[in-house]
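Q: Sharing a model prediction with you, sequence too.
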Amino acid sequence: SSVFGNISRKFYNSVPVQDYTQEPLNCTNHTAYVPCHPAPNITCKDHSGNENNFTGKEVGFYKPIACRNVNGYSYKVAVALSLFLGWLGADRFYLGYPALGLLKFCTVGFCGIGSLIDFILISMQIVGPSDGSSYIIDYYGARLTRLSITNETFRKTQTYP
């Protein structure tokens, strides 16, 4: 227990991380602000021209880092349920898909093929919780980041002078 009530926390590279969610502390709107401490004997000038000499113990600024919305669905539990009880639909019930869970239960995991497919989809984090939240995964765990092509990320043709 700490000053934050019953929130137990660990620090990984100065980022306070909640034990339960494995996300940075004070994560709101997919962003958390973590304190950055400049190295000792660094002098910085702010936008108004004032100089600050840091000793290494002060907070220089707060850096925004990305964090995820989690609602209590564990990745490890989902994969284990899919591997061992997927033929009964337990994985789909756990993730909040009761209709698919019941269908898998009645068809014995679609004769095993549906269980294998679901195991692959859950392991690759393609199928997630039905509420749209992310899995709880260890802070330095096997998180996958989906890449997509948008107007900002597509490859532009190079122009030569």
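A: Now that the structure is in, tell me what you want to look at.

Q: Go through whichever strand or helix holds residue 118 and flag the buried ones.
A: If you go by DSSP states H and E, residue 118 is part of helix 113-123. By 16 or more other C-beta atoms under 10 Å, the buried positions in helix 113-123 come out as 114-115, 118-119, 122-123. The C-beta positions use only the backbone N, C-alpha and C, and glycine is treated the same way.

Q: gap between residue 53 and residue 45?
A: 11 Å (C-beta to C-beta, to the nearest Å).

Q: err, residue 101, not the other one
A: 60 Å.

Q: Going by how many neighbours each has, rank those two and give me the top one.
A: More crowded of residue 101 and residue 45, by other C-beta atoms under 10 Å: residue 101, with 19 against 9.

Q: can I get the CA coordinates of the strand or helix carrying the more buried one in PDB?
A: Taking DSSP H and E as the criterion, residue 101 maps to helix 98-106. This file holds the C-alpha atoms of helix 98-106, laid out as PDB (Å, rounded to 0.1, in the frame of the first residue of the first chain):
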ATOM      1  CA  PRO A  98     -21.300 -15.600 -25.100                       C
ATOM      2  CA  ALA A  99     -23.000 -16.500 -28.400                       C
ATOM      3  CA  LEU A 100     -19.700 -17.700 -30.000                       C
ATOM      4  CA  GLY A 101     -18.900 -19.500 -26.700                       C
ATOM      5  CA  LEU A 102     -22.200 -21.300 -26.800                       C
ATOM      6  CA  LEU A 103     -21.800 -22.200 -30.400                       C
ATOM      7  CA  LYS A 104     -18.300 -23.600 -29.800                       C
ATOM      8  CA  PHE A 105     -19.600 -25.500 -26.800                       C
ATOM      9  CA  CYS A 106     -22.400 -27.100 -28.800                       C
END
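
Q: in the following helix or strand past it, what counts as buried?
A: Reading on from helix 98-106 to the C-terminus, the next helix or strand found by DSSP H and E is helix 108-111. Buried residues in helix 108-111, counted by 16+ other C-beta under 10 Å: 109-110.
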